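Novice: Provide a 3D model corresponding to the input given below.
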Amino acid sequence: MKEKSKNHFEKAKEHLNTANGELFKPKEDVVSYLVCKSSQHAIENYLKGYLSQRGFETHENETMEGLLNRCKSLDPNFNKVDLKTVECRAHIIDSKYCQSVKKVTSCYEAADSLDTFLRKMKLVV
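Specialist: Presented below is the predicted three-dimensional model:
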């Protein structure tokens, strides 16, 4: 499970870096779809990484909200994690929510906040 957890955390960091790099482009050059998908996958992998680290299996079709709820049941500190700005949190990752730069920026910010949260807990380095 340690290796699986490590892989999830590494994937999450890669996705977050991709989204971050895209957001540094001029607004007219930002590919919102790329920011959105990368942010979604970062959130998903961070949550799956935590669950794997704790010895729990995760499944392909779990939603971000479902994963977060599982994390909250294991550690009440996860109640501090806010995914309300991620409109697709209760759905399987899909592209229909990835439309405006403003929306995808809020997705990125949620992913970045989760990264910061896990770093403060010393789960991600």
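Novice: Just give me the residue right at the centre of this protein.
Specialist: What sits nearest the mean C-alpha location of the chain, by CA atoms, centre = their mean, is residue 43, with 0.9 Å.
Novice: Does residue 36 touch residue 104 like I think?
Specialist: Yes: Residue 36 is within contact range of residue 104, at 4.4 Å (criterion: CB atoms under 8 Å). Backbone N, C-alpha and C define where each C-beta goes, glycine included.
Novice: residues touching the residue nearest to the centre of the chain, list them.
Specialist: Neighbouring residues of residue 43 by CB atoms under 8 Å, 6 or more residues apart in numbering: 12, 64, 83, 86, 107, 110, 111, 114.
Novice: Can you list which of the residues you listed are found in helices?
Specialist: Among the contacts of residue 43, the ones falling in helices (DSSP state H) are 12, 64, 107, 110, 111, 114.
Novice: which of those sit farthest apart?
Specialist: For the ones in helices among the contacts of residue 43, the maximum inter-member distance is 13.6 Å, found between 12 and 107 (CB to CB).
Novice: Point out where the protein drops to low pLDDT.
Specialist: 1, 87-103 (pLDDT under 70).
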